[in-house]
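1. A predicted structure for the sequence below; I have some questions about it.
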Amino acid sequence: MNAINKFKNENPQYKVPAGSDAKMYEHTHDTVYNVDDFLIYFYKKNQLISFRIMQEDYNKCDLFLSSVRNIQDPRGWKEINKNVPEAENDEIKKEFVEDFLDKLGYKYKDEGKGTDLFYGWFE
């Protein structure tokens with residue numbers, strides 16, 4: 001979680017813009033299930049990407065790439081791997097990896113399980 005916040009502080013263009021209806025949901029934490037939900041702003045396409053991190057143990061966690069929407073459309077969430085056309089889905093995943101995930105500096109493995117799980121774990 002610290003790496004994500006550090007990345008956003010060093011690259012503020014990826015923060016959810018002030019005034020957006022989604023700003024208050026940029027990072028939420030569920031203490032019951034130990035789950036963190038994040039939004040990241042992909043400014044090049046004016047899109048919000050939603051993803052979830054579930055902590056398995058101290059060194060490992062699962063990352064689920066959840067959904068995407070245009071920042072101007074509060075009700076326009078589309079679920080990754082479900083409501084997004086395949087070509088767009090692949091493009092979103094590629095950009096997420098290249099523009100964000102690779103820059104966090106953690107090892108990860110794409111396990112590709114299920115419809116939502118995109119990345120298996122971080123160390």
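-> Nice, thanks for sending it over. A quick note: this is a predicted structure, and the numbers were derived from the prediction, not measured.
2. now the residue minimising distance to the centre of the chain: which helix or strand?
-> A centroid search over the chain (Cα atoms, centre = their mean) returns Phe51, at 3.2 Å, as the residue closest to the centre. Assigned by DSSP states H and E, Phe51 belongs to strand 47-55.
3. what are the pairing partners of the helix or strand just after that strand, and which direction each?
-> Remark: after strand 47-55, the chain's next helix or strand is strand 61-70, criterion DSSP H and E. Here strand 61-70 is paired, per DSSP bridges, with strand 47-55 (antiparallel), strand 78-79 (antiparallel), strand 117-119 (antiparallel).
4. report the buried residues of strand 61-70.
-> Cys61, Asp62, Leu63, Phe64, Leu65, Ser66, Ser67, Val68, Arg69 (16 or more other Cβ atoms under 10 Å). For the C-beta atoms, the positions are set from N, CA and C on the backbone; glycine is no exception.
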